[in-house]
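S.K.: Pasted the sequence and its predicted model underneath.
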Amino acid sequence: MDDGTKDYIDARTDATHGRMDARFAEFDARVTAFEGRIAQMFAELRGEMQALRVEMHKNTAEIIKWMAGFFIATIAIFVTVVTFVLNNAVPHSAVPAQPAAPIIIQLPPWPTAPAAPAGR
């Protein structure tokens, strides 16, 4: 190989290396920018998820409060209805009931002194 051909090949190789280095640098810059955008998007997503967690916690507390209130109201309505039905299911008589005659138990008189034996 003569010096002209070698210089030509070296020049071409250097030019190709230069273009490839420029392309790799551009690619590296794009990847770095993409990584930055991805990191930013994940940070925003984490913030939104944290806000969603707070909202879900608040909604859970609200649901528990409403369920407890509903339970208490249901029990109160049930007791009221049962009391009403039991009070009105039995007919009340217009004539007041006559008091029952008292029960008197009579015992025979108690002997005061025992009887004396006959043989003495």
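M.R.: Cool, the structure landed.
S.K.: now the helices for the chain?
M.R.: 3-89 (DSSP state H).
S.K.: which stretches of it aren't confidently modelled?
M.R.: Residue ranges of the chain with pLDDT under 70: 1, 92-96, 113-117, 119-120.
S.K.: what residue is smack in the middle of it?
M.R.: Closest residue to the average C-alpha location of the chain: T60 at 5.3 Å, with C-alpha atoms, centre = their mean.
S.K.: what separates that one from Y8, distance-wise?
M.R.: 76 Å (C-beta to C-beta, to the nearest Å). Quick note: C-beta positions are derived from backbone N, CA and C, even for glycine.
S.K.: same thing with T80?
M.R.: 105 Å.
S.K.: now do V79
M.R.: Relative to Y8, V79 is positioned 105 Å away (C-beta to C-beta).
S.K.: swap in M67?
M.R.: 86 Å.
S.K.: neighbours around I105, how many?
M.R.: 4 (other C-beta atoms under 10 Å).
S.K.: how close does it sit to P111?
M.R.: I105 is 19 Å from P111, by C-beta to C-beta.
S.K.: And L86, by the same measure?
M.R.: 55 Å.
S.K.: One more: G18?
M.R.: Applying C-beta to C-beta to G18 and P111 gives a distance of 145 Å.
S.K.: Looking at these two, which one has more neighbours?
M.R.: G18 (10 against 7).
S.K.: do you know how far the more buried one is from N87?
M.R.: Applying C-beta to C-beta to G18 and N87 gives a distance of 102 Å.
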